[in-house]
Each structure stands twice: as structure tokens, then as C-alpha cells.
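K.L.:
A structural model of the following input is requested.
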Amino acid sequence: MKKVGLGVAAVIALVLLGGFVLNQLGDVAKAAREGDCARISGALDNPTYQALDCGSEQANVKIAKVLDWNEKACPSGGMDYSTFTGDATLCLMPNFVEGACYGQDSESGIAKVDCSTKDSVKVAKVFSGKADRAACGNSRAAVFPEPAVTFCLERGGQKQ
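P.N.:
Have a look, this model is predicted:
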């Protein structure tokens, strides 16, 4: 199996940092619904949540699930979701776009970058409706069970 390296792990870890950021936002995102997207910025100093169209270049997270009052955790069986807990609990996943590259960003944690950027990660394939690590073959898989999505990740600038 081809190693993708620390870049992929770092980018995924930064996505998970979003859970901490959103917990600090209070009820700014309480009107959010499953499938909505947003941009998280000011991750370290002054976190902000900005609702955006999922097609926006700036949208870095997507609401995977809004938990009912009696649900205590986001779905399991894949990558950990970032969470926002306020008036509602939101389970968040990255808003990765097939063919795009992502890297570390001090303002938002993760952002689209040019694929030649050092330690960038390319989203080689997105399988919507499928939560299956094997779908990625030799690429690193980031799997989310609900909604079922598999992101196949490679080093930026690498050809398969």
C-alpha cells in the first residue's frame, strides 16, 4: 500500500480541529441544517462561523448530521466528525472537492491550496453514497458513514 505521508494525517487532524473551534462559537450556527456548508475561520484567536453555499471556494466544512436532543454522539465506523454543541449538536465533515488540494492554514485550519504546495493533499476521488475504504485502492481513505462518503487522498502533485 502506497504511503501518503504525514501531510494527509496533518490535513485530516486539522479538519478535526474544527470541532474545538465550533464549540467556542455559542449558538451562532443554530439555524444550520444537514447538508449545509460553512467556513470556519479565526480558528485560534477569534473563531467565526460563516454559512456558505457548498460550492463556494471558501466552504471548508459540511454539516453531516444534526443530532436529536437524546443522541449523544456522531455516527461511528469511520473518521471522527468534528462537532458543534450549542442549542443543537452538529456533526461536521470536510467539504472536500474531487481534484482539489488542501493544506494547513493558520486562519481556518484547512484551506484549498495549489497542488504544488508543500505537504498538500489531493482529493483524488469522492464516492458519495459509499463508506468503503477499499474503494480507494492504494490511496489513503477518509470514510464518513453518515452521510456515506469516502474521500480518496493522495499527496498533492503526485500522479497515480
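
K.L.:
Show me the helices in this protein, by range?
P.N.:
According to DSSP state H, the chain carries its helices in the segments 6-23.

K.L.:
where along it do the strands fall?
P.N.:
In the chain, the strands defined using DSSP state E lie at 37-41, 48-52, 61-67, 82-85, 89-94, 101-105, 109-113, 121-128, 140-145, 148-155.

K.L.:
Mind listing the strands the last one pairs with, and their directions?
P.N.:
Counting by DSSP bridges, the strands paired with strand 148-155 are strand 121-128 (antiparallel), strand 140-145 (antiparallel).

K.L.:
residues making contact with the shortest one?
P.N.:
It refers to strand 140-145. Contact with strand 140-145 is made by 4, 8, 12, 64, 75-79, 81, 93-94, 96, 131-135, 149-154, as judged by Cβ atoms under 8 Å, 6 or more residues apart in numbering. C-beta here means a position set from N, CA and C on the backbone, and glycine is covered the same way.

K.L.:
Which among these count as buried?
P.N.:
Burial by neighbour count, 16 or more other Cβ atoms under 10 Å: within those this picks out 4, 8, 12, 64, 75, 78-79, 81, 93-94, 96, 131, 149-154.

K.L.:
quick one on the thing from earlier: can you tell me which of the strands of the chain is packed in deepest?
P.N.:
Among the strands of the chain, the stretch with the highest mean neighbour count (mean count of other Cβ atoms under 10 Å) is strand 89-94, at a mean of 25.

K.L.:
What average pLDDT does it get?
P.N.:
On average, the pLDDT along strand 89-94 is 85.

K.L.:
Partner strands of that strand, with direction?
P.N.:
Here, using DSSP bridges, strand 89-94 pairs with strand 61-67 (antiparallel), strand 82-85 (antiparallel).
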